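**Student:** attaching a predicted model along with its sequence, questions to come.
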Amino acid sequence: TQLLEQSPQFLSIQEGENLTVYCNSSSVFSSLQWYRQEPGEGPVLLVTVVTGGEVKKLKRLTFQFGDARKDSSLHITAAQPGDTGLYLCAGEGPSSGTYKYIFGTGTRLKVLA
Amino acid sequence: NAGVMQNPRHLVRRRGQEARLRCSPMKGHSHVYWYRQLPEEGLKFMVYLQKENIIDESGMPKERFSAEFPKEGPSILRIQQVVRGDSAAYFCASSPPLKYGYTFGSGTRLTVV
């Protein structure tokens, strides 16, 4: 059974600080997504990474897929209160084309003004 | 261009009643997925459907749960004879063929009393 562990589970930081959250597994994934979910809403897709070692940037967010495609990280620079939410990673794999994703339990981020 | 539409947003059922959750995918999306989210447990895959076909139902409980995506109309997740343990947020997502990542709806929060 493939599992995705996210760390930390909870993170509370001041506005302007940097942070990194991690998504780890012992299994290989063919693709990995990051989502952000706000209370009472569904997750919103932030990025998809498919190639080992791939780095993608979305404004102040930097996503990296591990070389072995077993782990990923999300780095936020100069966090803002609007970044508050539940960050979820989700992996498909190891074969692509199933379109079925395993979700991590999430990192709950709170950015204080 | 409406997103994924789920209704109702909130549903209260007494034990033993039936719950019917509806999901209309985004225009142009032919793949529908249902996930269940319990507090502190993350999103769990339930079923993957295309029009008139169940592709993968490996996450569906064997009894009381069924799903369909008819040729016309929304996808329906049906839970018969609900029990307290069925209380959760149920999310529907859709995607176009051969594309990574989902678009989620806002979910249906089912409460069984």
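**Tutor:** Now that the structure is in, tell me what you want to look at. Given the structure is predicted, the values throughout are model-derived calculations rather than measurements. Numbering: from 1, shown residues only, chains lettered A, B, ... in the order given.
**Student:** ok, B:V4 touching B:F104?
**Tutor:** Yes. Contact criterion CB atoms under 8 Å: B:V4 and B:F104 qualify, at 6.2 Å. The way it works is simple: take the backbone N, C-alpha and C, and place the C-beta from them, glycine included.
**Student:** now do the shared contacts for these two.
**Tutor:** Shared contacts of B:V4 and B:F104, defined by CB atoms under 8 Å, 6 or more residues apart in numbering or on different chains, are found at A:G42, B:C92, B:A93.
**Student:** ok and the residue in chain B nearest chain A?
**Tutor:** B:F104 (3.2 Å; CB to the nearest CB).
**Student:** tell me how many other residues surround that residue.
**Tutor:** Counted with other CB atoms under 10 Å in any protein chain shown, the neighbours of B:F104 add up to 22.
**Student:** for it, phi and psi?
**Tutor:** phi -90, psi 150 (degrees, to the nearest 10).
**Student:** buried ones in stretch A:105-113?
**Tutor:** Within stretch A:105-113, the residues that qualify as buried are A:T105, A:G106, A:T107, A:R108, A:L109, A:V111, counting by 16 or more other CB atoms under 10 Å in any protein chain shown.
**Student:** contacting residues around the third one?
**Tutor:** Contacts for A:T107 (CB under 8 Å, 6+ apart) come out as A:Q6, A:S7, A:P8, A:Q9, A:F10, A:L11, A:V21, A:L86, A:Y87.
**Student:** out of the residues you listed, which end up buried?
**Tutor:** For the contacts of A:T107, buried by 16+ other CB under 10 Å: A:Q6, A:L11, A:V21, A:L86, A:Y87.
**Student:** still on that earlier bit, against A:R36, how distant is the residue lying closest to the residue of chain B closest to chain A once chain neighbours are set aside?
**Tutor:** Computed as CB to CB, 6 or more residues apart in numbering or on different chains, the closest residue to B:F104 that is not its neighbour in sequence is A:G42, at 3.2 Å. Separation of A:G42 from A:R36 (CB to CB, to the nearest Å) stands at 11 Å.
**Student:** and if you look at B:G28?
**Tutor:** In this view, B:G28 and A:R36 are 24 Å apart by CB to CB.
**Student:** so for the two, which residue has more residues nearby?
**Tutor:** Higher neighbour count among B:G28 and A:R36: A:R36, with 19 against 10, using other CB under 10 Å.
**Student:** if I pick the more buried one, what's in contact with it?
**Tutor:** A:R36 neighbours (CB under 8 Å, 6+ apart): A:P43, A:V44, A:L46, A:G85, A:L86, A:Y87, A:L88.
**Student:** who does B:A89 bridge with?
**Tutor:** Residues in a beta bridge with B:A89, per DSSP bridges, are B:Q37, B:R109.
**Student:** tell me, please, the helix or strand in chain A that averages the lowest pLDDT.
**Tutor:** Here the helix or strand of chain A ranked lowest by mean pLDDT, DSSP states H and E is strand A:102-103, holding a mean of 91.
**Student:** tell me the SS of B:G85?
**Tutor:** helix (DSSP: H, G, I helix; E, B strand; the rest coil).
**Student:** same deal with A:C23?
**Tutor:** strand.
**Student:** how near is it to A:G53?
**Tutor:** A:C23 is 15 Å from A:G53, by CB to CB.
**Student:** quick one, which of the two is more surrounded?
**Tutor:** A side-by-side neighbour count of A:C23 and A:G53, using other CB under 10 Å, places A:C23 first with 27 against 11.
**Student:** what are the bridge partners for the residue nearest to the more buried one when sequence neighbours are not counted, then?
**Tutor:** Among residues not flanking A:C23 along the chain, A:C89 sits closest, at 3.5 Å (CB to CB, 6+ apart). A:C89 has these beta-bridge partners by DSSP bridges: A:W34.
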